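Trainee: Need a 3D model of the following:
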Amino acid sequence: MNAFVDLPTASLIEKMSNEEYHSRPEFSSSQLKDMLRSSAHFHSHNIIKEHERETKKHLDFGTLAHTLFLEPEQFHKEFAVIPADAPKPPTDVMRNAKKPSEDSIIRVQWWDNFAAEHGDKITITAEQLAGAKRIAENLMKLSSYAVMQNNYGMPEASIFFTDPVYGLELRIRPDWHIAPCKALPNGLMFDVKTSRDARPYKFSKDCGDMGYSLSASMYREGFQQYYGTESKPDFIYLVAENVAPFNVKQYRASDLFLSVGDNQYNKAKELLAESLLINEWDGYSLEMEDLFLPSYMTKQALENDFN
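Mentor: Numbering: from 1, shown residues only. You can find the predicted model right below:
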């Protein structure tokens, strides 16, 4: 299992739809994160698919802001704005009534016509659109935005590559990346995130909880395999708060951040390769364990500081 394998050429596809990308058989960073929780979670989510992805499109405010910032030309293809004078959506009782009221008929017909006109687009309100526009405008004030504009790059490119140790087929889809150039010989990668709080000590907790460090390491490896750079690219987070006043921050993933991510990424690949080989998908340890409080609470108790 530890012998290096001959690698097929990595590939990059622009403008692949989200649906097609997520239907591909290669493993994603989200799936590798499942492995770090337990192989049973990976098996449940990705092999027997007990938790199928919701197929009905719904609003993700981060996706809306992401589109307006990185791919504004896609906005009208993906979103439909509900007019301010639209009636309230009908309830199930209204739709199923044997003798519906005039108001129910008006509301059902209006929303059925709206759905027929806009198909499976994600519906948003004017208020939501205004908030997302403020996020995009604030992100454009960051110095990183000028770097993105002044160097050749692309949004949402899908890169497919092979792990050099275990031969796992992998896929990544960076929000934006700059191809290697004279100014940036190793290229540059950007990840746009929304958060309730973009301050460093808050966003770093998001990174830990959501496994962003593993994703960053995997994305950098896929980038290097495709472009053949001498070193892996720096990884930049552009973070916008998803509540007013929609403040923004920019962060470069530190060497320590990426080192932790490398360890997580390599461990997840090892566990996945082993589970695929022996076809065993274990859950949590069943042994009795001691339970401890978080370190900040222990420190609080030792200092007798509960204010």
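Trainee: pLDDT weak spots in the stretch 1-150 of the chain?
Mentor: Where the stretch 1-150 of the chain drops to pLDDT under 70, the residues are 1-8, 52-59.
Trainee: show me where it has helices.
Mentor: Here the stretch 1-150 of the chain has its helices, by DSSP state H, counting those that start in this stretch, at 18-23, 29-37, 39-42, 61-70, 75-78, 92-96, 102-118, 126-139, 143-150.
Trainee: what's the closest of these to residue 220?
Mentor: Residue 220 lies closest to helix 29-37 among these, at 11.2 Å (Cβ to Cβ). The C-beta positions use only the backbone N, C-alpha and C, and glycine is treated the same way.
Trainee: So what's the gap between that closest one and the chain middle?
Mentor: Offset of helix 29-37 from its chain centre (Cα atoms, centre = their mean, to the nearest Å): 13 Å.
Trainee: What is it packed up against?
Mentor: With contacts taken as 3 or more Cβ pairs under 8 Å, 6 or more residues apart in numbering; DSSP states H and E, helix 29-37 sits against helix 39-42, helix 212-227, helix 255-278.
Trainee: that older thread, mind checking which of the helices of the stretch 1-150 of the chain is nearest residue 240?
Mentor: That would be helix 126-139 among those, by Cβ to Cβ, at 4.5 Å.
Trainee: got the contact list for the closest one?
Mentor: 59, 61, 64-65, 68-69, 72, 79, 81-82, 84, 124, 145, 192, 194, 238, 240, 242, 244-248 (Cβ atoms under 8 Å, 6 or more residues apart in numbering).
Trainee: Pull out the CA atoms of that helix and give them to me as PDB.
Mentor: Once non-C-alpha atoms are left out, helix 126-139 reads as follows in PDB (Å, rounded to 0.1, in the frame of the first residue of the first chain):
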ATOM      1  CA  ALA A 126     -34.800  41.700  -2.900                       C
ATOM      2  CA  GLU A 127     -33.500  42.000   0.700                       C
ATOM      3  CA  GLN A 128     -31.300  38.900   0.400                       C
ATOM      4  CA  LEU A 129     -29.900  40.200  -2.900                       C
ATOM      5  CA  ALA A 130     -29.100  43.600  -1.400                       C
ATOM      6  CA  GLY A 131     -27.200  41.900   1.400                       C
ATOM      7  CA  ALA A 132     -25.200  39.700  -1.000                       C
ATOM      8  CA  LYS A 133     -24.400  42.700  -3.100                       C
ATOM      9  CA  ARG A 134     -22.900  44.400  -0.100                       C
ATOM     10  CA  ILE A 135     -20.800  41.400   0.600                       C
ATOM     11  CA  ALA A 136     -19.500  41.300  -3.000                       C
ATOM     12  CA  GLU A 137     -18.700  45.100  -2.900                       C
ATOM     13  CA  ASN A 138     -16.800  44.800   0.400                       C
ATOM     14  CA  LEU A 139     -14.800  41.800  -0.900                       C
END
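Trainee: No further questions, thank you.
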